[in-house]
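Asks: Sequence isn't available, so here's the structure alone:
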């Protein structure tokens, strides 16, 4: 009794439990509620901003890989240097090494600068010729060997500038960093300024980045993605050829025919476990079985494709089974009802209806296969390959090749910062392919998706 | 007859089988296909299958068996001690094959006549020089045994090629004839064709098992070879990892395992809270519009190749941590560190955890939320006290799967964690992992006889066992949990 009156007396003087005034506990609980909600927002903002930062840094570092500084100047192919015997005999021409061509280019470039009246105090001839890529002599030699009639003529030659000069035009190399750098001198940069002013040193779209093969540590300017793109293309073609039929066949069996027994269970468990096996383990498998046991050539796109097919197969099977399961049973019942066999039902009705879903899943599987790197390192695709593989019908899939993601890795592990730029540029190319594939998958899904 | 030519012939015979059987079926009922048991196409396919499948199988078997048989026969040419050791034996037969190929090339180019190639002996001048002249470079001078074996090899290979052609062609033609004779109005062609198709489907679905068997076998045999060269106890319990290609290596797993687990731990510290909170927000708070935008954006992270994250770790995260944390606080000055790799792997795993957790939270029945909210709990209290405990087993499963992914991740650690194997607590120090060492021991010129190379298989086996164990545990937990609400 007293308790009640005492309790009732308090609110009369002090409305503590009013609905309009929150008490401490409620306030604390509401604050906790808001905090909790903000944790979620912070988590999302954090992960999206990391994604943004990552893409930003890659595009910041990489877009410049698509531009390349080059020097254009006339060059006289002097017969006494390039063909001392004067017989234009291909065997004799081939005896002149790239060193001879290098000297010629250096000399001609220096002469050209003198003729143009461009000079920098204290610059040596070695510095001047050192501004031109070491790739140039090889290219010039190939040009001459392909067409010996050029000897004696004066041609307009367009050579890449070295990585440092290129970096100077892109702002990666500055006068301050050049002072600490043994590979470039201040005079070279001053000369570069004058050449830019004279329009001799220009920067343009770098088609070589997409077509050239890889180049050695000394020549970042001529390193390109040609071999890597071909290798990735071959691999994706083969992965498609290997995985699509096998994946679809396996899914059809498991969804439509498989009885509930031990074997089916074993297959199911295997598929879900294989999807979770680290990719490098597949690389070990490829090395042990395809290369050491079966004797297939190392670094070839065929072995890469086999390894990646085994990795991609579970993904494709899972996607295909989902697509087959999405076809309503009424379709099957109708087909069986008009007298089709089980096999005819599946191949004439279920499979065509599931096809868009299967293709979407396959494209997404291929997209993730395209970015796979680790297993390819083990089967030797990280090798330095400067020859293009032959055509797909001339055994090109057995030739050594690299792949786009592997090229990213091998450039990133080189010391010259110019290769980091190339590496980021390669990522942009890789991401472009991935975006195209994903967009294709989304469009396919939009176009053919059916709600039953 | 080359393999390619054989394949062409088999293809022609198969197409002929299709056409002939189909025609014969139609003819047998005078074009009235209602009297046929199956549609005419099925008779055609039956002919096609019988003309191609047995022949192709025989061809494949022959191609696999012939080298083994020849090798066994040729062993007689060498003293027993030369062919006892398996690796010496492999090298020896590689030599034999190369010499045989050289003789073939010499004959093809006209540098030797066929008789000469069969009769040439090592005492009549250097075979190596003669083969070098036709563009076949040999490492060492040809011994009389190798030359004799190579000549015998050519002889057997020639017989083999003829036998192969005869066998496959006979099988193909026999199949064709059998199919044509079997064709008739009462022949159940559709059932037969469907049986073959079903067999193909079953075969395809067993590839998953074959892959697992291949993984286990390849790693197991090589690991066992490793353990014959290097004691297993040392591998599992030695605290030092210092491979030395001149021998005397110390190949202890512990430092690598420590680096792997340390990096995975840090990655989980990043990915679990962020992924979980993101999932909770998306599942419980976000409006449909926000969800439809944010969820795909987070999943974009999952679609980016790991090598991109690796470059991000190498170029951006590593130097950032070094310049702003490690160096100012005196933790060291290494760009690649446990922290770098851990954080970046954590980022990689965010979408993995968030999408799995999202599904699991959505699977918690709405009635449980309603009950809690009806008792006056706030939304966050409902989540913390009701939804999360109910979803806990599933979330644990997701976390374990993420951990197994972190342990098996390769590119990020290769580019961001460093290569120094050490047992250390400082997270700003470079350490290394199992996967990094697998890559470094197996890339470049490798010889598969030294423990330094073979250790990679033992490492791979350990990695496989760890990740498989985690995944099976995770699947088991998830399955248990699913049963709860179904």
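Replies: In hand now; what should we look at? Quick caveat: nothing in here was measured; it's all calculated off a predicted structure. Numbers count the residues shown, from 1 in each chain, chains lettered A, B, ... in the order given.
Asks: after the helix or strand of chain B with the lowest mean pLDDT comes which helix or strand?
Replies: Lowest by mean pLDDT, DSSP states H and E among the helices and strands of chain B is helix B:127-133, with a mean of 69. Using DSSP states H and E, the helix or strand that directly follows helix B:127-133 along the chain is helix B:144-182.
Asks: So which residues on the stretch 101-250 of chain A come close to chain B?
Replies: When proximity is defined as CB under 8 Å from any CB of the partner chain, the stretch 101-250 of chain A approaches chain B at A:245-247, A:249-250. To be clear about C-beta, it is placed using only N, CA and C from the backbone, and glycine gets the same treatment.
Asks: Apply the buried test to the residues you listed and list what passes.
Replies: Buried members of these, scored by 16 or more other CB atoms under 10 Å in any protein chain shown, are A:246-247, A:249-250.
Asks: quick one on the thing from earlier: okay, the residues of the stretch 101-250 of chain A next to chain B in CSV with pLDDT next?
Replies: Listed next are these as CSV, based on pLDDT from 0 to 100:
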residue, pLDDT
A:245, 94
A:246, 94
A:247, 94
A:249, 95
A:250, 94
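Asks: Pull the most distant pair out of these.
Replies: A:245 and A:250 (9.5 Å; CB to CB).
Asks: list residues touching both of those two?
Replies: Each of residue B:204 lies in contact with both residue A:245 and residue A:250 under the rule CB atoms under 8 Å, 6 or more residues apart in numbering or on different chains.
Asks: residue ranges with poor pLDDT in chain A?
Replies: Along chain A, segments meeting pLDDT under 70 span A:1-17, A:452.
Asks: and the longest helix for it?
Replies: helix A:24-62 (DSSP state H).
Asks: near chain A, anything from stretch B:362-370?
Replies: No - if you take CB under 8 Å from any CB as the test, stretch B:362-370 misses chain A, and the best it gets is 14.5 Å.
Asks: Help me confirm that residue B:105 is found in a helix?
Replies: Yes - the assignment for residue B:105 by DSSP: H, G, I helix; E, B strand; the rest coil puts it in a helix.
Asks: Count the neighbours of it for me.
Replies: Per other CB atoms under 10 Å in any protein chain shown, the neighbour tally for residue B:105 reads 15.
Asks: contacting residues around residue 427?
Replies: Picked chain A for this. A:58, A:62, A:408, B:307-308, B:311.
Asks: other chain: chain B
Replies: Here residue B:427 is in contact with B:262, B:266, B:331, B:337-339, B:342 (CB under 8 Å, 6+ apart).
Asks: same thing but 10 Å
Replies: The neighbourhood of residue B:427, defined by CB atoms under 10 Å, 6 or more residues apart in numbering or on different chains, consists of B:262-263, B:265-266, B:321, B:325-326, B:331-332, B:337-343.
Asks: near chain A, from these?
Replies: Contacts with chain A within the contacts of residue B:427, counted by CB under 10 Å from any CB of the partner chain: residue B:343.
Asks: Just give me the closest of the contacts of residue B:427 to residue A:275.
Replies: Nearest to residue A:275, judged by CB to CB, of those is residue B:263 at 22.6 Å.
Asks: wait, isn't the closest one in contact with residue B:433?
Replies: Yes - counting by CB atoms under 10 Å, residue B:263 does reach residue B:433; the two are 6.1 Å apart.
Asks: and the residue nearest to residue B:240 when sequence neighbours are not counted, how far is that from chain A?
Replies: Among residues not flanking residue B:240 along the chain, residue B:250 sits closest, at 4.4 Å (CB to CB, 6 or more residues apart in numbering or on different chains). Residue B:250 sits 22 Å away from chain A, taking CB to the nearest CB, to the nearest Å as the criterion.
Asks: how does the chain divide up, domain by domain?
Replies: Looking at chain A here, since you left the chain open. Using automatic domain parsing, the domain parsing of chain A gives A:2-61, A:66-214, A:226-448.
Asks: let's do chain B instead
Replies: According to automatic domain parsing, chain B comprises the domains B:3-190, B:236-485.
Asks: quick one on the thing from earlier: is it correct that the residue nearest to residue B:240 is in contact with residue B:237?
Replies: No - the pair residue B:250 and residue B:237 fails to qualify as a contact (CB under 10 Å) at a distance of 11.5 Å.
Asks: which residues do residue B:263 and residue B:433 both contact?
Replies: With CB under 10 Å, 6+ apart, residue B:263 and residue B:433 have common neighbours B:338, B:341, B:406-407, B:409, B:412-413, B:417.
Asks: remind me which residues of the stretch 1-150 of chain B are low pLDDT?
Replies: Counting by pLDDT under 70, the stretch 1-150 of chain B contains low-confidence ranges at B:1, B:81-88, B:121-129, B:132-141.
Asks: residues from it in reach of chain A?
Replies: Counting by CB under 10 Å from any CB, the stretch 1-150 of chain B sits next to chain A at B:38-39, B:64, B:67, B:90, B:94.
Asks: which stretches of the stretch 51-200 of chain A form helices?
Replies: Per DSSP state H, counting those that start in this stretch, the stretch 51-200 of chain A carries helices over the ranges A:79-82, A:90-95, A:98-116, A:125-129, A:136-146, A:163-170, A:175-179, A:186-198.
Asks: quick one, which of those is packed in tightest?
Replies: Most buried of the helices of the stretch 51-200 of chain A by mean neighbour count (mean count of other CB atoms under 10 Å in any protein chain shown) is helix A:163-170; its value is a mean of 24.
Asks: Quick one: list the elements packing against that helix.
Replies: strand A:67-76, helix A:175-179, helix A:186-198, strand A:201-205, helix A:417-448 (3 or more CB pairs under 10 Å, 6 or more residues apart in numbering or on different chains; DSSP states H and E).
Asks: Just put these in TSV and tack on distance to residue B:148.
Replies: TSV is the format used below for the helices and strands packed on helix A:163-170 (distance: least, CB to CB, whole Å):
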stretch	distance to residue B:148
strand A:67-76	59
helix A:175-179	66
helix A:186-198	64
strand A:201-205	62
helix A:417-448	52
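Asks: who wins for proximity to residue B:276 among the ones you listed?
Replies: Using CB to CB, the nearest of the helices and strands packed on helix A:163-170 to residue B:276 is helix A:417-448, at 26.4 Å.
Asks: what's the angle between that closest one and helix A:24-62?
Replies: Orientation check (axes from the mean of the first three to the mean of the last three CA atoms, to 10 degrees): helix A:417-448 against helix A:24-62 gives 110 degrees.
Asks: List the buried residues for helix A:417-448?
Replies: Of the residues in helix A:417-448, A:417-431, A:433-434, A:437, A:441, A:444-445 count as buried by neighbour count, 16+ other CB under 10 Å.
Asks: and if you look at stretch A:62-73?
Replies: For stretch A:62-73, a neighbour-count test (16+ other CB under 10 Å) marks A:62, A:64-66, A:68-71, A:73 as buried.
Asks: restrict those to those near chain B?
Replies: Near chain B, taking CB under 10 Å from any CB as the test, the members of the buried residues of stretch A:62-73 found are residue A:62.
Asks: Just name the closest of the buried residues of stretch A:62-73 to residue A:351, please.
Replies: For the buried residues of stretch A:62-73, the residue nearest residue A:351 by CB to CB is residue A:62; the value is 42.1 Å.
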